[in-house]
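Visitor: Need the 3D shape of this:
(one chain, ligands or ions: 2)
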Amino acid sequence: VTISQTELDKLQVLGHGNGGTVYKVQHKRTSKIYALKVVNGDSDLTVHRQVSREMEILRRTDSPHIVRCYGTYVKPSGDVAILMEYMDAGTLDTLLRSRGTFSETELAHITRQILKGLTYLHAHKIIHRDLKPSNLLVNKNMEVKIADFGVSKIMSRRLDPCNSYVGTCAYMSPERFDPDAHGGNYDGYLGDIWSLGLTLMELYVGHFPFLSPGQRPDWATLMCAICFGDPPTLPQGTSDEFRSFIECCLQKESSKRWTASQLLDHPFLRSHPTSD
Ligand code: ADP
Ligand code: MG
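Guide: Ligands and ions are numbered 1, 2, ... in the order given. Down below sits the predicted model:
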């Protein structure tokens, strides 16, 4: 069943991003709620490249851990839109701000879902490249789904070095800045694992791990800390399993990092089995 854009009522703005706006919309006939990401025809080329990339990826993915796409629209005016499932609890970033930090048990539940999503993406040769709390959507059932594929990369047969500056720099792995110094045979997928490690740490301690609480990010200092400093570690009182899990993600040398499917078998997740 295809839904035409004229059958949708815009209810409110859910978020603004680089060039696009995400609306909460309602399908008139069925009253079903969706999210609609709209990019205007007069946006610049970079924005258009990003939204076409995102459309291509969402069309080819089919996983309970990746946000679902129900249709894409391209108008003669150049306006482009993507109709997605509506995630009614927002993002992990807004949840962190509204309800505070997450417990290890909650994080195990969240982590398992993100890892299943990443395993799916990596098996389909897709690197997300912008994994962070505001790109992880949540619904009231505490289902977590990966979203925002604007700067993602579909790997071709050749192994591209893939070290271009895209994504939010703060969550980028050391080898993205300096491929020679941190594991030269950078294949890209493990950059998502680094970002996952930082994301989980942030959800646990409540602030971006390379900065102290409330510290304003200064880009040069941050990049030095990521490339030349030790990876951040968890505070006292954290379980050995969670500490080890984060260490497996935050290895500066990418070849020492665990893959998404290896991490699904990590003792941290085995010590918090699923209820279903
Ligand atoms: P951008 O590339 O502009 O960051 P995102 O896809 O990350 O675009 O969307 C921006 C924001 O819109 C998100 O951080 C989130 O708050 C909201 N959002 C996006 N998609 C959805 C969705 N499917 N359901 C609910 N909120 C969404
Ligand atoms: Mg985003």
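Visitor: host element of Phe242?
Guide: helix 240-249 (DSSP states H and E).
Visitor: which strands and helices sit next to the helix or strand containing Gln113?
Guide: Using DSSP H and E, Gln113 falls within helix 104-123. The contact analysis (3 or more Cβ pairs under 8 Å, 6 or more residues apart in numbering; DSSP states H and E) places helix 104-123 against strand 144-146, helix 189-205, helix 240-249, helix 260-263, helix 267-270. C-beta: built from backbone N, CA, C; applies to glycine.
Visitor: mind listing what's buried in the fourth one?
Guide: Pointing back at helix 260-263 there. Residues of helix 260-263 classed as buried by neighbour count (16 or more other Cβ atoms under 10 Å): Ala260, Leu263.
Visitor: Show the average pLDDT along it.
Guide: Averaged over helix 260-263, pLDDT sits at 98.
Visitor: Can you name the residues of this protein that neighbour ligand 2?
Guide: Residues of the chain found near ligand 2 (Cβ under 5 Å from the ion) are Asn135, Asp148.
Visitor: distance from the centroid: which residue in the chain tops it?
Guide: Arg29 (32.5 Å; Cα atoms, centre = their mean).
Visitor: That one looks like it's in a helix, true?
Guide: No. Read with DSSP: H, G, I helix; E, B strand; the rest coil, Arg29 is coil and lies in no helix.
Visitor: What distance do you get for the residue found closest to it once you drop the neighbours it is linked to in the chain to ligand 2?
Guide: Nearest residue to Arg29, sequence neighbours excluded (Cβ to Cβ, 6 or more residues apart in numbering): Glu7, at 6.4 Å. Distance, Glu7 to ligand 2, by Cβ to the ion, to the nearest Å: 26 Å.
Visitor: what's around Glu7, how many residues?
Guide: Glu7 is flanked by 13 other residues according to other Cβ atoms under 10 Å.
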